[in-house]
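Asks: Dropping the sequence and predicted coords here.
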Amino acid sequence: MSESVDKKISVMALGGAGCRIMRQIAGNPLAEPLNLLAVDTDREALEASGLPPEKQILAGVCWRDGAGCGGSPLDGQRAVAHERTELEKAIDGSSLLLVIGGLGGGTCSGGAQVAVSVAHKLNIPVMFLLTLPFSLEGHSRRKIAEDTLKKELTGLADAVICLPNDLLFSVLEPTTKLSDAFALADQEVSRTILALTVVLTQGNLLHTDFSSFLTILKRRKSYCSFGVSLVRGESNSNSRVQECMSQLLRSPLLGGAEKLQKADAVILSLVGPQDLALGETKALLELAEQHTGRECQLATGVAASGTFTDEFLLCALAVEFDREGELGVSKTSADTAPTASRPRRSRKTAAEVTENDDAIQQLLPMDVVTRGIMEKTAPVIWEGENLDIPTFQRRGIVVDTGKTADR
């Protein structure tokens, strides 16, 4: 498989759910350009990921002995933090780190902020694609998932995509086995990951780059759903276009066609064979756009894959933003303060400033320093903030020297 866009994407499965999803990704030819990695505290779950041993990291084996972390996020964090050096080696040089897993357990919920910390140290954008627990899994798991999102990932990761497993209830019969429901969720998520990454690495027809993709999701609390369809048929067939769209709208993790209509943003990824025709592509994308709202942000990527003969893979990621706005402290106090309460400064000429040097506020030495010998230890997290990161950097504080005029 040839890559038209020179980007190395690392996909890290974190925890048991991530390893199940990775198993379906690992054997797919579309995953060849990806740097795949599985991290877990459970030896059996790790071995079931389908990855070779050199791509597996058994976290905290010296004290967990491969038996898992018993659903404890604290133990999960400690175990994954113990493998920081190995994680850095595994993802170094990546253009993007995509972390997949299921919140509510110990390894993923506890290790998520460690993954963010490692990626930030290497200046790698990090995006999470996570599933949320079924309601029937109990209050404890749901609370762990919510706390992880709020305290560990909010405002720290570049993008967080959360998929409620309960969406499966909208299409599955009540008699469906729980194991079958999990398997279906894993299949849909794996197809979504492959469709997105192929377009990002091989967007040789319509390319969606990292910046346009992350701009939609960056630091915003959002609720997402997926629609995926995989059909086969003759090229340039109108019936293939119709079936592809119809299957996408019935996708179990989309939650119905109304999800596209209500979405604030929709990311479409289309992967087809080498003979993918312009007319067929245009017809399918126009058909998909008809199901979105007028104010919807639409990002589209199309790629032709040499591994496809007559297959047609379409993925739609429907995003609804939380009306409270951006996550974390991404705005400065000057941006968020009411206009009426801002003190107004008097304008001064350059000559006046020169004559009165005392009026120039001196800058404090705010250099970012490393943690030295503490680099491999788990960071200190308090109320969702990493206290090892200087406050001015963590909160995006802009130092006003007093030399700028009113805005």
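Replies: Perfect, I can see it now.

Asks: When you work out contacts or count neighbours from here on, use the C-alpha atoms and nothing else.
Replies: Fine.

Asks: so who does residue 381 touch?
Replies: With contact set as C-alpha atoms under 8 Å, 6 or more residues apart in numbering, residue 381 has these partners: 152, 387.

Asks: List the beta-bridge partners for it.
Replies: Beta bridges link residue 381 to residue 386, judged by DSSP bridges.

Asks: show me where this protein has strands.
Replies: 9-14, 35-40, 56-58, 96-102, 126-132, 159-164, 220-232, 265-272, 297-304, 311-326, 381-382, 385-386 (DSSP state E).

Asks: name the helices or strands packed onto the third one?
Replies: Read it as strand 56-58. Contact here means 3 or more C-alpha pairs under 8 Å, 6 or more residues apart in numbering; DSSP states H and E; on that basis strand 56-58 packs against strand 35-40, helix 43-47.

Asks: pLDDT score assigned to residue 369?
Replies: Predicted confidence (pLDDT) for residue 369: 53.

Asks: That should have said residue 103, apologies.
Replies: So, for residue 103, pLDDT stands at 92.

Asks: Same question for the one 5 residues further on.
Replies: In this prediction, residue 108 carries a pLDDT score of 94.

Asks: Same question for residue 63.
Replies: 81.

Asks: So what's the residue count around it?
Replies: Neighbours of residue 63 under the rule other C-alpha atoms under 10 Å: 9.

Asks: With the one 5 residues further on instead?
Replies: Applying other C-alpha under 10 Å, we find 25 residues neighbouring residue 68.

Asks: surely it meets residue 41?
Replies: Yes: if you go by C-alpha atoms under 8 Å, residue 68 and residue 41 touch, sitting 4.5 Å apart.

Asks: Mutual contacts of those two, please.
Replies: residue 107.

Asks: coming back round to it: okay, the helices and strands packed on strand 56-58 in a markdown table with mean pLDDT and distance to residue 387 next?
Replies: Output for those, formatted as a markdown table (pLDDT from 0 to 100; distance: least, C-alpha to C-alpha, whole Å):
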| stretch | mean pLDDT | distance to residue 387 |
| --- | --- | --- |
| strand 35-40 | 96 | 25 |
| helix 43-47 | 94 | 32 |
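
Asks: before we move on, back to that, wait, which of the strands of the chain is closest to residue 75?
Replies: Checking those against residue 75 by C-alpha to C-alpha gives strand 35-40 as the closest, at 11.7 Å.

Asks: Take the strands of the chain and lay them out in a markdown table including distance to residue 284.
Replies: A markdown table is the format used below for the strands of the chain (distance: least, C-alpha to C-alpha, whole Å):
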| stretch | distance to residue 284 |
| --- | --- |
| strand 9-14 | 27 |
| strand 35-40 | 31 |
| strand 56-58 | 39 |
| strand 96-102 | 27 |
| strand 126-132 | 26 |
| strand 159-164 | 25 |
| strand 220-232 | 12 |
| strand 265-272 | 9 |
| strand 297-304 | 11 |
| strand 311-326 | 9 |
| strand 381-382 | 46 |
| strand 385-386 | 44 |
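
Asks: Show me how this structure divides into domains.
Replies: Here the domain assignment for the chain is 9-223, 224-326, based on automatic domain parsing.

Asks: Nearest to residue 388, out of those domains?
Replies: domain 9-223 (10.3 Å).

Asks: okay, how far is it across that closest one, tip to tip?
Replies: 24 Å (C-alpha to C-alpha, to the nearest Å).

Asks: just to revisit the earlier point, the domains of the chain: lowest mean pLDDT?
Replies: domain 224-326 (a mean of 81).

Asks: roughly how far is that one from the heart of the chain?
Replies: 19 Å (C-alpha atoms, centre = their mean, to the nearest Å).

Asks: what does stretch 155-168 give?
Replies: 7 Å.

Asks: buried sites along it?
Replies: Buried residues in stretch 155-168, defined by neighbour count with 16 or more other C-alpha atoms under 10 Å: 155-168.

Asks: Same question for stretch 252-260.
Replies: 252-257, 259-260.

Asks: now residue 161, which residues is it bridged with?
Replies: Bridge pairing for residue 161 - DSSP bridges - gives residue 129.

Asks: ok, residue 118 touching residue 87?
Replies: Yes: judged on C-alpha under 8 Å, residue 118 makes contact with residue 87 at a distance of 7.3 Å.

Asks: sorry, back to before: which of the strands of the chain sits closest to residue 108?
Replies: Proximity to residue 108, assessed across the strands of the chain by C-alpha to C-alpha, is greatest for strand 9-14 (5.2 Å).

Asks: who does that closest one touch, helix- and strand-wise?
Replies: helix 15-26, strand 35-40, strand 96-102, helix 107-121.

Asks: Distance from it to the middle of the chain?
Replies: Distance, centroid of strand 9-14 to centroid of chain: 10 Å (C-alpha atoms, centre = their mean).

Asks: Give me the contact list for that strand.
Replies: Residues contacting strand 9-14 (C-alpha under 8 Å, 6+ apart): 18-19, 21-22, 33-40, 91, 94-101, 107-108, 111-112, 197, 201.

Asks: 6 Å instead, please
Replies: The contact list for strand 9-14 (C-alpha atoms under 6 Å, 6 or more residues apart in numbering) reads 19, 34-39, 94-101, 108.

Asks: tell me the contacts of residue 193?
Replies: Contacts of residue 193 (C-alpha under 6 Å, 6+ apart): none.

Asks: related to what we said a few turns ago, among the helices and strands packed on strand 56-58, which is the most enclosed?
Replies: strand 35-40 (a mean of 26; mean count of other C-alpha atoms under 10 Å).

Asks: Tell me which strands that one pairs with, and in which orientation.
Replies: Assessed with DSSP bridges, strand 35-40 is paired to strand 9-14 (parallel), strand 56-58 (parallel).

Asks: What residues of the helix of greatest length in the chain count as buried?
Replies: Selection of the longest helix in the chain by residue count, based on DSSP state H, yields helix 178-202. Residues of helix 178-202 classed as buried: 181-182, 185-202 (neighbour count, 16+ other C-alpha under 10 Å).
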